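Trainee: need a 3D model of the following:
(one chain, ligands or ions: 2)
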Amino acid sequence: MGKKYATPLLDELKKGAFPSFVTEIEKAAEKTEYARDLLGLLEQSYREKLTHWKHGGIVGVRGYGGGVIGRYSDLPDKYPGVAHFHTVRVNQPSGFYYTTAALREVMGIWDKYGSGLTNMHGSTGDMVLLGTNTESLEAIFAELSSRGWDLGGSGSAMRTPSCCLGKSRCEWACIDTMALTNEITQHFQDEMHRPAFPYKFKFKVAGCAVDCIASIARADMSIIGTWKGDIGIKQDEVANYSKTMDIQKEIIDMCPTGCMTYTGGKLSIDNSNCNRCMHCIAQMTKALSPGPERGATILLGSKAPIVTGALMSWVIVPFIKLEPPYEEFFELVGKIWEWWDEHGKNRERIGELIERMGFPTFLKGVELTPHPAMIKSPRRDPFFFWDEEDIQR
Ligand code: SF4
Ligand code: SF4
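Mentor: Ligands and ions are numbered 1, 2, ... in the order given. Take a look at the predicted model:
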C-alpha cells in the first residue's frame, strides 16, 4: 500500500536522532486503512492548528462500563478509516512483565481488528490499543477475555493499578508491590469495570522511596515501601566505597536531614532523624540496607493539573504492614471511598475534596488518628490543627 496523502508537516517530525511516532504510524499504514487515514487527518490538524477529534456517544463492551474510550473524527467522509478510532485499554500484568508469546497473542488480535498502533504503556499503566471501530469492540473483548486478558479502568472508576517491579528484581523493595497490585486489581474488579465514583481513582505501588513508578505525583493513593528500625551498615563495605567515592561529599552532605556522620573511616546514622529517603542506600547498596521491619507509607491526593492545579500526595498512614490478606488496607480504602462518595462533587478528585473540606474533617470522616507525619511538605507547613478539646492540660 502506498502513501495516500502528502504529509510535509508530519515529515518534519521524522527528522533528527530520536524515534518518531510518524515513522511508526507510516509502518502501520502499510497494513491498515486506520493508520493511513490517521496520517491524513493529523496532517490537516497540524496545518489548521485544529483538532479533528470529537467526543461522540459512549462506547463499550457488554457488562462493562469502562475500558474503551470512544473517539470519532469530525471528518468521517474525508477520512473514513478514522471515522471511529476507539482506544481499548488492556489491564497490564503487575510489574509490566510479558512473555513474548503473550505479546504476540495480543498483537495478533489487534492486527486482526484494529489499527496495529499501541501505546506501551499509558500513564495509568494499561497496555493501550489505539484505534478501532465500534463493530469490532465485542469481538476484541471476546478474543482477549477468552485468553485470560481483561480490560482496564476508565472514566469515573478505579483505574488499573500499577506498580514498580518490586521484589521480583529489586533488593530495595520493602513490600511485595506486584502481589499487592494484583490483589487490589482482583479485589476491586467491580469498582474498576463499573464507574460509580465522583471521578477517577488511581493506585500506584512503589517498593521504596526511590518511587520508580512516580506514585507520589500520579496516584490518588500512593503506596510507598518503607521500614522501621535502623539502617543496616556494613563498615567493611563502607571502606570499599571510600576508595571510589567521596563519602562526605556524595553521601553525608547530601543526606536531607543531616543525620549521618563519617569520621575516622566509620559511618554512623542517627536513625531517629532519618526520613528514609533512600539516598544513601541507593548510592551505597552493598554497604547499607533498609531497616528490619518492612511495610509501607500510604499517601493520598496526587493528580495532574486538569480541573484545578497539580497536587502531590501527602501522608495519611506513616507506617502499615502490608501482607496478605491486607484486611486493614482494604478497610481503610473502603472508608476513604465512602467519605469521597458522600461529599465529593462530580469530577472532584479525592485530593481536591480534602483541600476543600480540610484535612481534620477528612481524618475524622475516615477515623484516622492525627499524626505529626501527616504534613503537606516535609518539615514545614503543619497541615492540620488540633481542636481545643484535643489538648490535654
Ligand atoms: Fe526498586 Fe524502589 Fe524502584 Fe521499586 S521503587 S524498583 S523497590 S528502587
Ligand atoms: Fe539520610 Fe536519607 Fe539515608 Fe536516612 S535514608 S540516612 S535521610 S540519606
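Trainee: for ligand 2, see how far away residue 19 is.
Mentor: 36 Å (Cβ to the nearest ligand atom, to the nearest Å). To be clear about C-beta, it is placed using only N, CA and C from the backbone, and glycine gets the same treatment.
Trainee: where does that residue land in three-state SS?
Mentor: Of the three states, residue 19 takes coil under DSSP: H, G, I helix; E, B strand; the rest coil.
Trainee: mind checking how far the nearest residue to residue 321 once chain neighbours are set aside is from residue 13?
Mentor: Distance criterion Cβ to Cβ, 6 or more residues apart in numbering; nearest residue to residue 321, sequence neighbours excluded, is residue 295 at 4.7 Å. Residue 295 sits 47 Å away from residue 13, going by Cβ to Cβ, to the nearest Å.
Trainee: ok, those two, which is more surrounded?
Mentor: Neighbour count, other Cβ atoms under 10 Å: between residue 295 and residue 13, residue 295 has more, with 18 against 15.
Trainee: just how off-centre is the helix or strand containing residue 227 within its chain?
Mentor: In this structure, residue 227 sits in strand 221-228 according to DSSP states H and E. Remark: strand 221-228 is offset 15 Å from the chain centroid, using Cα atoms, centre = their mean, to the nearest Å.
Trainee: what residues does it touch?
Mentor: 166, 172-175, 177, 180, 201-209, 211, 215-216, 276, 290-300, 302, 313, 319, 322, 333, 336, 350 (Cβ atoms under 8 Å, 6 or more residues apart in numbering).
Trainee: buried among the residues you listed? Make that a PyMOL selection.
Mentor: Buried members of those, defined by 16 or more other Cβ atoms under 10 Å, are picked up in PyMOL with:
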select buried, resi 166+172+173+174+175+177+180+201+202+203+204+205+206+207+208+209+211+215+216+276+290+291+294+295+296+297+298+299+300+302+313+319+322+333+336+350
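Trainee: who does the strand holding residue 227 pair up with?
Mentor: As defined by DSSP bridges, the strand partners of strand 221-228 come to strand 203-206 (parallel), strand 293-300 (antiparallel).
Trainee: out of those strands, nearest to ligand 1?
Mentor: Proximity to ligand 1 (Cβ to the nearest ligand atom) singles out strand 203-206 among the strands paired with strand 221-228, at 4.1 Å.
Trainee: now the element after that closest one, going C-ward?
Mentor: helix 215-218.
Trainee: burial measure for residue 349, as a count.
Mentor: Considering only other Cβ under 10 Å, residue 349 is surrounded by 25 other residues.
Trainee: so how far is residue 314 from it?
Mentor: For residue 349, the distance to residue 314 - Cβ to Cβ - is 13 Å.
Trainee: what sits in contact with each of these two?
Mentor: residue 301.
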